[in-house]
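>>> any chance you can model this:
(one chain, ligands or ions: 1)
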Amino acid sequence: MANDSNRFQAIISHAKEYGFVFPSSEIYDGLQAVYDYGQWGSELKKNIKDYWWDSMTRMYENIVGIDAAIFMHPTTWKASGHIDNFNDPMIDNKDSKKRYRVDHLIEAHAELLKTGGKEKESDDLLASMDALLAKDDFAGLKKLIEDNKIKCAVSGTSNWTDIRQFNLMFSTEFGSTVSSDDEDNKVYLRPETAQGIFVNFLNVQKTGRMKIPFGIAQIGKAFRNEIVARQFIFRMREFEQMEMQFFIQPGTQKKWYEYWKEERMKWHLALGFGKEQYRFHDHIKLAHYADAACDIEFNFPIGFKELEGIHSRTDFDLKNHQEYSKKKQQYFDNEIDPAIGKPYGNYIPYVIETSIGLDRMFLAVLSHCYEEQDLSTPEKQDSRVVLRFPSKLAPMKLAVLPLMKKDGLPEIARKIMDDCKTSFRCFYEEKDTIGKRYRRMDAIGTPFCVTVDHQTKEDNTVTIRYRDSMKQDRVAIDRVKEIVLAAII
Ligand code: GAP
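Numbers count the residues shown, from 1 in each chain. Reported below is the predicted structural model:
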């Protein structure tokens, strides 16, 4: 594919055409930055979820999962700092009335400089932006935009307003008789799943008899009123997070922060996409709750961007929940402190958080695995689109294809289906030539196809076709299930 932007567009079209991702309420022209997952997309998404959930809650014996509600007591968001601090600096273009996130506007300009061969100017611009953002120096940021003659993409002018903060939380009201400006009944759609974990810290610790260090994991929806939301499922207004809060002794946060950076990178690398697709990016401007933070960035078709965040959240959240709720959020640690020869006693734990967007992970998997392959020979032009998903993530694991719709072949194929479908997701199809059926399975990333033909009736063997190599082998019917199972574990 000629360039990354074309490749990204091709992936978005493929995702729609093959039932992975649809624009939300598309018959009404869609809703900006909101998407629906289709028949294969929802399977892929579920498999990514399971991959994360199983590795967090099964591979680490000291991590358990919960499923907290989206609505939470409004004071939660006061305590967490989201009401006061969950803001992005925004700037409006006075001519087009278009609003931009300041960092995105500057980053887009830096990208233009870079593609125009002005690497140093681009790097200098980003460094100046980071320094000004770290100081919340909005006048300085506006001057930077003006000095660099950054223009609005719609109006083409540099007629900018001052920079203002804009809170990203959505709100609604509880009850049926309240007016919309009734602050007492205002509830928020959670902007992160983490707070559902913090407010349940003692419930889980006590009922699960958990000992520090331990973690609580959760997968769930989060909502943010994102202003710049034009990058398909990369930045959405409704999305899912997979978060884990790891509760530790105060003072040990550096060690655990490094530990989780390494563990999470290992998790990504285990998918086999290659080390060069990932990099760490340390935060210069820290979120209101963090004393250290970094992103794991992935090489998306739109460049290296944040896929997962790892944050050392100190005791910020639990301490504030203790203060606002007036309920102690302490843990009694009966481990002996070697310095004093007595138990560590009561303290509010510190927290290391790992937070990955499920939809971003979906996009990372989809975009990395998408390949347009030229299969032309001197005799014939040919090509295919193949999604080379790791077998454990593939929406469909096996396609069972009778060569013909007669001679008892469908009956044998149906028996293979019945034998396999209780163990993994299988797809049965009789229509069209076998070549067309293979291509359709390549396009949704099915790693194995078996074809039942006339020889099957004679010797109980089928042709198994491997998606990536397109190689075909003859195997006994009773080996099919074991071959697929071995690949998806
Ligand atoms: N609890 C910490 C937290 O929410 P974050 O860096 O704001 O931290 C964590 O978000 C992850 O959630 C990001 O790394 C990203 O993968 C995902 N995410 C954040 N905003 C998103 C959005 N608007 N659309 C899709 N995914 C998003």
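
>>> please count neighbours and contacts with C-alpha atoms only from this point.
Noted.

>>> residues contacting N460?
By Cα atoms under 8 Å, 6 or more residues apart in numbering, the contact list for N460 reads 476-477.

>>> err, L31, not the other one
23-25.

>>> check the secondary structure at it for me.
Secondary structure state of L31, per DSSP: H, G, I helix; E, B strand; the rest coil, is coil.

>>> if I look at it, how far off is E238?
Using Cα to Cα, to the nearest Å, we find L31 at a distance of 11 Å from E238.

>>> for PyMOL, what selects the buried ones among the contacts of L31?
Those of the contacts of L31 that count as buried under 16 or more other Cα atoms under 10 Å are selected in PyMOL with:
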select buried, resi 23+24
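
>>> and the contacts of L31 as JSON lines, adding pLDDT, distance to I489 and secondary structure?
As requested, the contacts of L31 are exported to JSON lines (pLDDT from 0 to 100; distance: Cα to Cα, whole Å; DSSP: H, G, I helix; E, B strand; the rest coil):
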{"residue": "P23", "pLDDT": "96", "distance to I489": "32", "secondary structure": "strand"}
{"residue": "S24", "pLDDT": "96", "distance to I489": "33", "secondary structure": "coil"}
{"residue": "S25", "pLDDT": "96", "distance to I489": "36", "secondary structure": "coil"}
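
>>> out of the contacts of L31, who's near the ligand?
Applying Cα under 6 Å from any ligand atom to the contacts of L31, one finds that nothing falls near the ligand.

>>> out of the contacts of L31, who's nearest R479?
Closest to R479 out of the contacts of L31 is P23 (40.8 Å), distances taken as Cα to Cα.

>>> which ones are touching that closest one?
Applying Cα under 8 Å, 6+ apart, the residues near P23 are 30-31, 34-36.

>>> let me have the contacts of L31 in a markdown table, extended by distance to M244.
Formatted as a markdown table, those follow (distance: Cα to Cα, whole Å):
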| residue | distance to M244 |
| --- | --- |
| P23 | 29 |
| S24 | 29 |
| S25 | 32 |
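
>>> which SS state does the residue nearest to D291 when sequence neighbours are not counted fall under?
Among residues not flanking D291 along the chain, S312 sits closest, at 5.7 Å (Cα to Cα, 6 or more residues apart in numbering). Classification of S312 using three-state DSSP returns strand.

>>> circling back: show me which of the contacts of P23 are buried.
34-36.

>>> need those in a markdown table with distance to the ligand, can you?
What follows is the buried ones among the contacts of P23, written out as a markdown table (distance: Cα to the nearest ligand atom, whole Å):
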| residue | distance to the ligand |
| --- | --- |
| V34 | 9 |
| Y35 | 11 |
| D36 | 13 |
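
>>> in a markdown table, list those residues along with distance to N185, secondary structure and pLDDT.
A markdown table is the format used below for the buried ones among the contacts of P23 (distance: Cα to Cα, whole Å; DSSP: H, G, I helix; E, B strand; the rest coil; pLDDT from 0 to 100):
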| residue | distance to N185 | secondary structure | pLDDT |
| --- | --- | --- | --- |
| V34 | 26 | coil | 95 |
| Y35 | 29 | strand | 97 |
| D36 | 30 | strand | 98 |
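
>>> ok, so of those, who is nearest N320?
V34 (32.4 Å).

>>> residue contacts, the closest one?
23-24, 233, 236-238.

>>> so which of these comes closest to the ligand?
M236 (3.8 Å; Cα to the nearest ligand atom).

>>> surely the closest one touches E226?
Yes. Using Cα atoms under 8 Å as the test, M236 is close enough to E226 to be in contact (7.0 Å).

>>> more crowded one of those two?
Taking other Cα atoms under 10 Å, M236 and E226 do not tie; M236 has more neighbours (24 against 19).

>>> residue contacts, the more buried one?
33-35, 224, 226, 229.

>>> could you rerun that using 10 Å?
32-35, 222-230, 359-360 (Cα atoms under 10 Å, 6 or more residues apart in numbering).

>>> of those, which belong to helices?
Of the contacts of M236, the ones assigned to helices by DSSP state H are 359-360.

>>> please list only the buried members of the contacts of M236.
33-35, 222-228, 359-360.

>>> dump those residues to TSV, plus distance to V386.
Output for the buried ones among the contacts of M236, formatted as TSV (distance: Cα to Cα, whole Å):
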residue	distance to V386
A33	27
V34	26
Y35	23
A222	32
F223	33
R224	33
N225	35
E226	33
I227	34
V228	31
D359	21
R360	20
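
>>> by pLDDT, rank those and give me the bottom one.
pLDDT is lowest at V228 among these; the value there is 63.

>>> related to what we said a few turns ago, quick check: neighbours shared by M236 and E226?
32-33.

>>> show me where pLDDT drops low in the chain?
1-3, 176-183, 228-229 (pLDDT under 70).

>>> got the domain ranges for the chain?
Annotated domains of the chain cover 5-69+190-366, 396-488 [automatic domain parsing].

>>> show me where the stretch 101-250 of the chain has strands.
Here the stretch 101-250 of the chain has its strands, by DSSP state E, counting those that start in this stretch, at 164-167, 170-173, 186-189, 214-223, 238-248.

>>> what helices and strands are in contact with the fourth one?
In other words, strand 214-223. helix 39-54, strand 63-66, strand 186-189, helix 194-198, helix 201-207, strand 238-248, strand 350-357, helix 358-369 (3 or more Cα pairs under 10 Å, 6 or more residues apart in numbering; DSSP states H and E).

>>> and the longest one with strand 214-223, angle?
Translated: helix 39-54. Calculated by axes from the mean of the first three to the mean of the last three Cα atoms, to 10 degrees, helix 39-54 forms an angle of 150 degrees with strand 214-223.

>>> would you mind writing the CA trace of helix 39-54 as CSV?
Only the C-alpha atoms of helix 39-54 are listed here, as CSV (Å, rounded to 0.1, in the frame of the first residue of the first chain):
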residue,chain,number,x,y,z
GLN,A,39,-20.3,-10.2,14.1
TRP,A,40,-16.6,-10.8,13.7
GLY,A,41,-15.5,-7.7,15.5
SER,A,42,-17.3,-8.6,18.6
GLU,A,43,-15.7,-12.1,18.6
LEU,A,44,-12.2,-10.5,18.1
LYS,A,45,-12.9,-8.0,20.9
LYS,A,46,-14.1,-10.8,23.2
ASN,A,47,-10.9,-12.8,22.5
ILE,A,48,-8.7,-9.8,23.3
LYS,A,49,-10.6,-9.3,26.5
ASP,A,50,-10.2,-12.9,27.5
TYR,A,51,-6.5,-12.8,26.6
TRP,A,52,-6.1,-9.9,29.0
TRP,A,53,-8.4,-11.1,31.7
ASP,A,54,-7.0,-14.6,31.8
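
>>> is that helix positioned near the ligand?
No. Using Cα under 6 Å from any ligand atom, helix 39-54 never reaches the ligand; the gap is at least 13.3 Å.

>>> for the stretch 251-400 of the chain, which residues are neighbours of the ligand?
306-309, 355-357, 359-360.

>>> which one is the residue of the stretch 351-489 of the chain found nearest the ligand nearest to, not counting chain neighbours?
Of the residues in the stretch 351-489 of the chain, the one nearest the ligand is G357, at a distance of 3.3 Å by Cα to the nearest ligand atom. Nearest residue to G357, sequence neighbours excluded (Cα to Cα, 6+ apart): Q241, at 4.5 Å.

>>> how about Q231?
That would be A33: by Cα to Cα, 6+ apart, it lies 8.0 Å from Q231.

>>> mind checking which of the helices and strands packed on strand 214-223 is nearest K436?
K436 lies closest to helix 39-54 among the helices and strands packed on strand 214-223, at 18.5 Å (Cα to Cα).
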